[in-house]
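**Q** got a sequence here, can you model it:
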Amino acid sequence: MLLFETLNLKLTSMPTLFEPQVAQEIIARINQLQPTTQSKWGKMSVAQMLKHCTDALGTATGDVIIKPPFIFKIIAPLIKKKVMEQKPYKEGLPTAKEFIVKDDRNFEDEKHQLLERINKFISNGEAKVDGLRHPAFGKLTAYEWGFSQWKHFDHHLKQFGV
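**A** The predicted model follows:
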């Protein structure tokens with residue numbers, strides 16, 4: 001039991017999008033992006049990245065429903081462990097095919113939609129996502145949802161130098 005409590009304490013010391021200061025920091029970083037901002041790695045344009053993040057966050061707001069392949073039920077625990085660790089994602093990780101954006105996007109439209117989705121996630125509150133099933137990882141706590149979304153945003157904002 002002590003090990004679980006230690007792991008839980010470690011998890012709850014990490015940032016979550018439900019913390020107002022953390023959410024404000026993410027929003028401020030998004031607002032630093034420009035249509036001409038270039039990525040440090042990867043194939044997405046800045047507008048495609050914004051769309052990608054909007055869609056990924058949509059799994060937590062109920063706006064995006066995907067059914068992952070059966071193989072995910074087998075490998076999901078391993079992936080979830082990596083997602084929930086404090087270590088940042090590696091550059092150039094593969095993107096789930098459901099969240100790959102191939103077409104050109106309008107930067108201002110995508111930025112607006114992402115900020116709206118972030119506000120929806122925050123306004124829905126922790127109770128709305130606590131126990132909600134993630135398409136790949138199964139049921140997540142509100143803290144896991146908030147942390148995983150923060151980590152995803154942090155990864156992509158660093159990809160674009162902000």
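
**Q** measure residue 111 to residue 102 for me?
**A** Distance, residue 111 to residue 102, using CB to CB, to the nearest Å: 19 Å. All C-beta atoms are positioned from the backbone trio N, CA, C, and that covers glycine.

**Q** more neighbours, those two?
**A** More neighbours surround residue 111 than the other of residue 111 and residue 102, with 21 against 8 (other CB atoms under 10 Å).

**Q** in contact with that one, which residues?
**A** 30, 33, 50 (CB atoms under 8 Å, 6 or more residues apart in numbering).

**Q** what residues sit buried inside the helix or strand containing residue 73?
**A** Element membership for residue 73 (DSSP states H and E) is helix 71-83. Residues 76, 80, 83 are the ones in helix 71-83 that count as buried (16 or more other CB atoms under 10 Å).

**Q** and which of these is nearest to residue 18?
**A** Nearest to residue 18 among the buried residues of helix 71-83: residue 83, at 16.8 Å, using CB to CB.

**Q** ok, the closest one to residue 136 distance?
**A** Using CB to CB, one obtains 9 Å as the distance from residue 83 to residue 136.

**Q** quick revisit: residue 16: which of the buried residues of helix 71-83 is nearest?
**A** Closest to residue 16 out of these is residue 83 (13.4 Å), distances taken as CB to CB.

**Q** counting neighbours, what do you get for the nearest residue to the closest one once chain neighbours are set aside?
**A** Distance criterion CB to CB, 6 or more residues apart in numbering; nearest residue to residue 83, sequence neighbours excluded, is residue 148 at 5.4 Å. Residues near residue 148, counting by other CB under 10 Å, number 22.

**Q** contacts for the strand or helix carrying residue 148?
**A** Secondary structure from DSSP H and E places residue 148 in helix 142-159. Helix 142-159 is contacted from outside by 11-12, 14-19, 22, 26, 29-30, 33, 39-42, 44, 49, 52-53, 56-57, 60, 83-84, 88-89, 91, 121, 126-127, 129-130, 132, 134, 140, using CB under 8 Å, 6+ apart.
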